[in-house]
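Asks: structure here, sequence nowhere to be found:
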């Protein structure tokens, strides 16, 4: 029988978190009708030992959990691609191995997809900061074109763990990740999905718990990871151009690039990243003034664009201590 959902879970350096993640998935209400694909991306810690220990507590799930291993560390995008290649489910969803989900996570998303015939079904999430939690109500317009616009403008998130996607859509249009581009890989895939999707739906419930983990790659944007973001932005631009998207869509790309420069360069905690990337997307610098941000942020942008780098250093210093 075809699984209802294939859950793709890359595993790398998560020995402290993978147990909670896996137990939450294997306790889901329709898990017996789904499959969980764990991809060990050559993790150097005891993550897979924890996985095998947890699986002993779920003997009935032996045939529902598929384990795959990379011979070398190939990165998040490659691990998800490996999982997608093995997937047999009617739908797929990506779960990060340091997060956890609600017991009806899969059931709620699957039932809404079947009820509406949607290609993509979203939900809300909670950002977990240890002792503090923050609910995020994700925006998912019903029109795919509006979702694409929101993604490029920044008010629709790229997060794949809150998107159940019809697998046939990915297969038919050969939608996949780009190996080696592990930052913003979700934004690239979401853009491709929104271009080809016919219908979008949403479950207005919090179903996913996103751990704000200081060890996560999204919280450690080095020069090489910035290059990966820029690579995925370039891939998005190439894809939209090749698909002959209307000029109104292509005109949103400068805004996307400005958000990258602001978020990962100008406001970066890494002094060298700030200094060595002043020319990044320089032709779109005026877009930076149009970004929604605080007075502090606007002052920072002004100082950065006018070369007042010591003032920028001071503003970052103060920000990180407030």
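Replies: Happy to help now that I have it. In this text, all values refer to a predicted model and were calculated from it rather than measured experimentally.

Asks: do a quick rundown of the helices in the chain.
Replies: Using DSSP state H, the helices of the chain run over 18-26, 47-55, 76-86, 105-116, 144-153, 167-172, 185-196, 223-242, 247-250, 253-261, 271-276, 295-305, 309-319.

Asks: my guess is residue 179 contacts residue 73. True?
Replies: No: taking contacts as CB atoms under 8 Å, residue 179 lies outside contact range of residue 73: 11.7 Å. To be clear about C-beta, it is placed using only N, CA and C from the backbone, and glycine gets the same treatment.

Asks: who wins for proximity to residue 39 among the helices of the chain?
Replies: For residue 39, the closest of the helices of the chain is helix 76-86, at 4.3 Å, according to CB to CB.

Asks: that closest one to helix 185-196, inter-axis angle?
Replies: What separates the directions of helix 76-86 and helix 185-196 is an angle of 50 degrees, with axes from the mean of the first three to the mean of the last three CA atoms, to 10 degrees.

Asks: okay if I get the helices of the chain as CSV plus distance to residue 289?
Replies: Below are those laid out as CSV (distance: least, CB to CB, whole Å):
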stretch, distance to residue 289
helix 18-26, 41
helix 47-55, 44
helix 76-86, 33
helix 105-116, 39
helix 144-153, 15
helix 167-172, 38
helix 185-196, 23
helix 223-242, 20
helix 247-250, 21
helix 253-261, 9
helix 271-276, 18
helix 295-305, 7
helix 309-319, 16
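
Asks: adding mean neighbour count and mean pLDDT, write those helices out as a markdown table.
Replies: As requested, the helices of the chain are exported to a markdown table (neighbours: other CB atoms under 10 Å; pLDDT from 0 to 100):
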| stretch | mean neighbour count | mean pLDDT |
| --- | --- | --- |
| helix 18-26 | 21 | 98 |
| helix 47-55 | 16 | 97 |
| helix 76-86 | 21 | 98 |
| helix 105-116 | 20 | 98 |
| helix 144-153 | 19 | 97 |
| helix 167-172 | 15 | 98 |
| helix 185-196 | 23 | 98 |
| helix 223-242 | 17 | 96 |
| helix 247-250 | 12 | 97 |
| helix 253-261 | 20 | 96 |
| helix 271-276 | 14 | 92 |
| helix 295-305 | 16 | 93 |
| helix 309-319 | 14 | 91 |
